[in-house]
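**Q** Sharing a model that was predicted from the sequence below.
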Amino acid sequence: MSVERPLVTALEAYSRRGKARWHTPGHKGGRGMQALGWDWDLTEVADLTPKTSREDPVHRSEQLMAETFGAQRTWYSVQGATLPVMAAVLAACRPGSRVLVDRHAHRSVLSGIIIAGASPVWVYPRLGPGGYPLPVDDEDRAEMIRRNDPQAVIVTNPTYDGLSARLAATSRLCQERRIPLIVDEAHGTHFYGNPGFPLSALDQGADLVCHGAHKTEAVLTQTGLLHQNSRLVSAQQIQQAWEMLATSSPSYLLMASLDGLQALRHTPDYRAQWVRFGREMQEIWHDLETAGIFVLQSWWQRSGGLADPAKLTLVGNGERILSELRPFGEPEKADPFGVTLVLTPADDLGVLRQALRAVGGASGQSAPMAMWPQAVPVWPPSEAVRRPREWVPWREAAGRVAAGPVTLYPPGVPVIVSGERIDAAMVSWLESTRDWCRQRTGDLQGFEPAPEGTLWKEGEEGLWVTTEFEGR
C-alpha cells in the first residue's frame, strides 16, 4: 500500500527546481537566518511560559523588538500580519462605529471590521498603469475624515506593489481629533531605520502599526508584529483583543526567528546591506526603463510618490512576462497586466538581471483594469455575513447582495465585500479573472463550485449571496 504525502511531495519538487524565489518569505530559502533546531519546537512549558508580569523570555524579546522599532510596545504574531491587523481593529473600534478604510485593504481588515461590528466608509484608490491601485492621497484622505467624522481610520500603506504615500495630513488630523490611526504596513517591515526606503508609519505618527515580518525579513513564514506607537488605544485594549484572536499555543520556532530578527537589527551590517540593496534596485529600475520596460515603482517615484526598492512590477503583457521569467525564478504574483517580484538582500541580483534581459518587448504600459468598481453597499458587512444565504451560479449573481467577500489572491484584497450589491460589471470581471487564475496563477477566493447536494449541475461555479433582496 502506497502512502501519499501530497504537500511534502510538492514542497520537495519546488525545492528541487532550484530557481530564484522572487516571492515571500524574505529569507529566500533560509539565507541569512539563524539555525533553528527541531528540538525548539515547543510551546508554553516550564520557564518558557509567558507570565502576566511580563518577566519571561517571550516578553523580554518583544520588549527588545519594540526598542529596535522605536515603539512603546510590540506583540509577536505567529499568524502573520492578519492577527495584528484584526487585533488592532478590534481594540480601536466599537460596535456601530464609522471607520474610514482604504478600499485596497487586505481581507484581514474586513474581517476585523466584521468582528468589531463597525461600519466601513470606503476610500477608493485611483488606478495606475495596469489597473494597479495607487496609494490614497494624504490630503484627500484628510478631507474625507473631515466630511465623515469617523471613529477610527485604517490605512493600507504601502500597497501590495510597494507604492507608498506620505501620511502627515492624515496623522495630524487624527491626532487633533483623537481618532485612532491604524496602518497596515504589512509589506513595509524593512522601512523603519533604512535610508532609501519609504518612511515608516511609525515615524509618521500612526497609533498602531502592523507588520508582516516574513514578507521581506529573515524570519519564518507566518511571523508578524503589532506595534503600539501611542497610548490613544491602551495596551489593555490591545491585549484583550489579542487574547480573543491569537492561538493559545504559539510556535516557539516562529517566535525564535523573530527574536533572531530583533538581534540582527542591532548588528552594523544589517542596515548597510539594505542600503546597498536599495541602491542596486534603483539602478535596475533605471536600466529597465532605459531598455523600454515599464516599471511601476519607478513611474510612481517620478510622479512624486514613494516606492519600495524591494518590489519590482513589470507592467505589460502579464502572460508573456510570466513565461519569460519563470525559467529563472518564480514571481510573487501575476495578472494579465503585469508581474510583481518581491526582492530582498538575500536575492542574487545577478540572476535577476539575467532574467530581465529576456523580458524585452513583453513589457509596456497597458490599459487600466477596473478592479475596484464602486459597489453600492446594502448592509454593513457584519450584518450581511449573518443573514441567510444561498449559492448561485456567477451568471445569475447580478442584482444580488454578496453574503461573503470575493477576494483575488494575491494580493488578498476583496473585490466584492459582504453586503454589497453585485452588478453586471462585477460579473464580467469574475469571469475573466476566474479564467486567468485557473489557467495560470493565483486564486479567486469566494468563487467556488456548487455545494454538494444542490440541484446545480456539477462543475458550475458561483458565489454566496443573501437570500433576502434589498427592500424585501
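**A** Happy to help now that I have it. Fair warning: this is a prediction, and the values are worked out from it, not measured in the lab. Numbers count the residues shown, from 1 in each chain.
**Q** Please give the element, helix or strand, for Leu7.
**A** Element membership for Leu7, per DSSP states H and E: helix 6-17.
**Q** where does that helix sit relative to the chain's centre, distance-wise?
**A** Relative to its parent chain, helix 6-17 has a centroid offset of 25 Å by C-alpha atoms, centre = their mean, to the nearest Å.
**Q** now swap in stretch 210-223 and tell me
**A** With C-alpha atoms, centre = their mean as the basis, stretch 210-223 stands 11 Å off its chain's centre.
**Q** CA atoms only for it, dumped as PDB, please.
**A** This file holds the C-alpha atoms of stretch 210-223, laid out as PDB (Å, rounded to 0.1, in the frame of the first residue of the first chain):
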ATOM      1  CA  CYS A 210       1.000  46.100  11.700                       C
ATOM      2  CA  HIS A 211       4.000  44.300  10.100                       C
ATOM      3  CA  GLY A 212       4.100  41.100   8.100                       C
ATOM      4  CA  ALA A 213       7.700  40.400   9.100                       C
ATOM      5  CA  HIS A 214       8.100  37.300   6.900                       C
ATOM      6  CA  LYS A 215       7.400  39.200   3.700                       C
ATOM      7  CA  THR A 216      10.800  40.800   3.400                       C
ATOM      8  CA  GLU A 217      12.800  40.000   6.600                       C
ATOM      9  CA  ALA A 218      14.900  36.900   7.500                       C
ATOM     10  CA  VAL A 219      12.200  35.200   9.600                       C
ATOM     11  CA  LEU A 220      10.000  32.200   9.100                       C
ATOM     12  CA  THR A 221       6.700  32.400   7.300                       C
ATOM     13  CA  GLN A 222       3.700  33.300   9.500                       C
ATOM     14  CA  THR A 223       5.500  35.800  11.700                       C
END
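**Q** what's the average pLDDT for it?
**A** Stretch 210-223 shows an average pLDDT of 96 in the prediction.
**Q** Likewise for stretch 443-463?
**A** Stretch 443-463 carries an average pLDDT of 79.
**Q** got it, and stretch 354-368?
**A** The model assigns stretch 354-368 a mean pLDDT of 70.
**Q** Specify which residues of the protein, grouped into ranges, have pLDDT under the cut-off.
**A** 1, 32, 361-373, 439, 453-459, 469-472 (pLDDT under 70).
**Q** at 50 what do you get?
**A** Residues of the chain meeting the criterion pLDDT under 50: 367-368, 471-472.
**Q** for it, what spans make up the helices?
**A** Taking DSSP state H, the helices of the chain run over residues 6-17, 57-68, 82-92, 107-116, 138-148, 168-177, 235-245, 252-264, 268-290, 296-302, 318-325, 349-356, 381-384, 424-439.
**Q** how many neighbours does Pro336 have?
**A** Burial of Pro336 is recorded as 18 neighbouring residues (other C-beta atoms under 10 Å). (C-beta placed from N, C-alpha, C; glycine too.)
**Q** Go ahead and confirm it touches Gly318.
**A** Yes: Pro336 is in contact with Gly318 according to C-beta atoms under 8 Å; the separation is 4.7 Å.
**Q** correct me, but Val417 touches Ala402?
**A** Yes: Val417 is within contact range of Ala402, at 6.8 Å (criterion: C-beta under 8 Å).
**Q** which of those two has more neighbours?
**A** Neighbours per residue (other C-beta under 10 Å) separate Val417 from Ala402, with Ala402 holding more: 28 against 25.
**Q** mind listing what the more buried one touches?
**A** Going by C-beta atoms under 8 Å, 6 or more residues apart in numbering, Ala402 touches Ala384, Ile416, Val417, Ser418, Gly419, Glu420, Arg421, Ile422, Leu463, Trp464, Val465, Thr466.
**Q** For beta bridges, what are the partners of it?
**A** Val465 (DSSP bridges).
**Q** Not counting its neighbours along the chain, what's nearest Leu296?
**A** Closest residue to Leu296 apart from its sequence neighbours, by C-beta to C-beta, 6 or more residues apart in numbering: Thr313 at 3.8 Å.
**Q** Check the gap between the one you found and Ile284 for me.
**A** When distance is defined by C-beta to C-beta, to the nearest Å, Thr313 is 13 Å away from Ile284.
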